[in-house]
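[1] any chance you can model this:
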Amino acid sequence: MKQRGLLTLAVGLCTAAALGPAAPHPAFATPDRCSYTSPTYQPTLTHGDTGAAVKQAQCLSNRWGGEPPKLALDGVFDSAMLKKIKWIQGCHGLPQNGVIKGRTWQVLYHPALDCYDPYPT
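    Next up is the predicted model:
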């Protein structure tokens with residue numbers, strides 16, 4: 001019986017080693033590790049757009065403090081996201097047009113520390 005238990009343990013350990021560590025599910029991406037799209041995929045996004053790139057921008061923007069509350073990671077570029085993106089752009093001296101492209105993607109990935117908090121209501 002003892003040998004059977006050891007054999008079961010050995011098989012279990014070998015299986016776990018073969019499968020490797022579990023990768024985090026994208027739905028549970030942390031703010032510092034947004035992985036809904038590749039960091040090199042930076043399409044132009046505007047109010048009303050949907051999809052994985054919008055979800056990536058939402059996740060990145062959630063690193064910012066203040067109000068309104070964190071954006072839902074639903075992949076919908078809604079009015080709350082538009083307001084937050086415009087504020088982020090303004091804080092970095094970019095045109096506050098709410099369009100995510102080029103420099104806006106850059107500041108989402110590499111925000112200025114003095115732009116974190118507070119977020120105006």
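
[2] where does the protein dip in pLDDT?
    Residues of the chain that meet the criterion pLDDT under 70 lie in 1-32, 65-68, 116-121.

[3] what about the helices in it?
    Shown for the chain, the helices assigned by DSSP state H span residues 2-19, 52-61, 79-91, 102-109.

[4] packing partners of the third one?
    This means helix 79-91. helix 52-61, helix 102-109 (3 or more CB pairs under 8 Å, 6 or more residues apart in numbering; DSSP states H and E). C-beta here means a position set from N, CA and C on the backbone, and glycine is covered the same way.

[5] and these: which comes nearest Pro39?
    Pro39 lies closest to helix 102-109 among the helices and strands packed on helix 79-91, at 6.3 Å (CB to CB).

[6] the closest one: which residues count as buried?
    Burial within helix 102-109, assessed by neighbour count using 16 or more other CB atoms under 10 Å, is assigned to 104-105, 107-108.

[7] list the contacts of that helix.
    Under the contact criterion CB atoms under 8 Å, 6 or more residues apart in numbering, helix 102-109 has outside partners 39, 42, 57, 60-61, 85, 88-89, 92, 94, 100, 115.

[8] of these, which is the nearest to Lys70?
    Ranking these by separation from Lys70, with CB to CB as the measure, puts Ser61 on top at 8.5 Å.

[9] show me the contacts for that closest one.
    For Ser61, the contact set (CB under 8 Å, 6+ apart) comprises 71, 81, 84-85, 88, 108.

[10] let's see 6 Å
    Neighbour list for Ser61: Lys84 [criterion: CB atoms under 6 Å, 6 or more residues apart in numbering].

[11] now do Gln89
    By CB under 6 Å, 6+ apart, the contact set of Gln89 is 96, 104.
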